[in-house]
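S.K.: whatever this is, show me its structure:
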Amino acid sequence: MVRSRRNGFYAVGTRQRKPRRLWIWILACILAAGIGWLLYVLAQIGSIDSNPAASREYAQPADVGIVLGASMWGDQPSPGLQERLELALQDYKEGKFCLFILSGGLDRADYRFTEAEGMANYLESKGVPRSAMLLENNATSTYENLKFSQEIMKEKGLKSVIIITHTYHGNRAYEIAKALGYDNPGLSVTKTRVIKPMQATVREVLAYTKWKLDHIAIAFGWK
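M.R.: Model prediction:
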């Protein structure tokens, strides 16, 4: 601290104030960057209608429809996962794709079925033959859903794909698919009526941020 004698009083100098102002400036920049990033992610989540992959017309059926997993409730798909399955079932009946790839691993050690197995049981109860389903039982994230499903596609010689998920999840799933080298993937998305909007948005903001960090790591060969 620097003091100077003026009119019988000590005045505090400005040297101590400079570091404080610097920290305020740094914190303000961090806050502005955080707000900017939040607005960017919200725009990405909300812009699915402008993604051409989500409104594409198909001259012929895609080889596969990949249903991205979500949580199981015991032996049954959660209501949110059932929404994806109902959309997939509708697309299948309309002839938009030929085979299902059901992707998702085991949610909990005490569960009997993986997400993929739970989805298969659900679709079979709706009349879909098991011969129309390929199961991917190991994925624990959207990145793994699409990476492991891609490996199945390559093994089976399958090329074209529609990715089936929720609207809030669609753009991130599409970005991941493109980063993995999917050839012109399509999207089929449904709005959720069972997941609260705030819950879905907060979860997707965090998941989208994690994906961008993972994308950087992949680009530099760190992952």
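S.K.: so what would you say the end-to-end distance of stretch 152-170 is?
M.R.: Start and end residues of stretch 152-170 are separated by 21 Å (Cα to Cα, to the nearest Å).
S.K.: I should have written stretch 151-164 there, sorry.
M.R.: So stretch 151-164: terminal residues 18 Å apart, Cα to Cα.
S.K.: list the contacts of that stretch.
M.R.: 58, 62-68, 84, 87-88, 91, 96-97, 99, 101, 134, 136, 146, 170, 173-174, 177, 182-189 (Cβ atoms under 8 Å, 6 or more residues apart in numbering). C-beta: built from backbone N, CA, C; applies to glycine.
S.K.: same question, stretch 113-126
M.R.: 67, 69-72, 75-77, 81-82, 85, 88-89, 100, 102-107, 130, 133, 135-137.
S.K.: so which of those residues sit within strands?
M.R.: Among the contacts of stretch 113-126, DSSP state E puts 67, 72, 76, 77, 100, 102, 103, 133, 135, 136 in strands.
S.K.: closest one of these to residue 211?
M.R.: Each of those was scored against residue 211 by Cβ to Cβ, and residue 103 proved nearest at 16.3 Å.
S.K.: that closest one reaches residue 148, doesn't it?
M.R.: Yes. Counting by Cβ atoms under 8 Å, residue 148 is a contact partner of residue 103 at 6.5 Å.
S.K.: settle it for me: which of the two has more neighbours?
M.R.: Using other Cβ atoms under 10 Å, the more surrounded residue of residue 103 and residue 148 is residue 103, with 28 against 20.
S.K.: what's near enough to touch that one?
M.R.: 66, 67, 68, 69, 115, 116, 136, 139, 145, 146, 148, 149.
S.K.: now do the lengthiest helix in the chain: distance to the chain's middle.
M.R.: Longest helix in the chain, counting residues (DSSP state H): helix 17-46. Taking Cα atoms, centre = their mean, to the nearest Å, one finds the center of helix 17-46 at 24 Å from the center of the full chain.
S.K.: which of the contacts of stretch 151-164 are buried?
M.R.: 62-68, 84, 87-88, 91, 96-97, 99, 101, 134, 136, 146, 170, 173-174, 177, 182, 185-189 (16 or more other Cβ atoms under 10 Å).
S.K.: what about the helices in the protein?
M.R.: 17-46, 79-93, 115-125, 142-156, 167-179, 197-219.
S.K.: and the gap between residue 127 and residue 133?
M.R.: Between residue 127 and residue 133 the computed distance is 12 Å (Cβ to Cβ, to the nearest Å).
S.K.: and if you look at residue 103?
M.R.: 11 Å.
S.K.: ok, back up a step: so between residue 127 and residue 133, which is more surrounded?
M.R.: Shown here are residue 127 and residue 133; by other Cβ under 10 Å, residue 133 has more neighbours (17 against 8).
S.K.: dig out what the more buried one forms beta bridges with.
M.R.: When bridges are called by DSSP bridges, residue 133 pairs up with residue 100.
S.K.: what is the mean pLDDT for stretch 160-180?
M.R.: Averaged across stretch 160-180, the pLDDT comes to 96.
S.K.: now do stretch 131-151
M.R.: Stretch 131-151 comes out at a mean pLDDT of 97.
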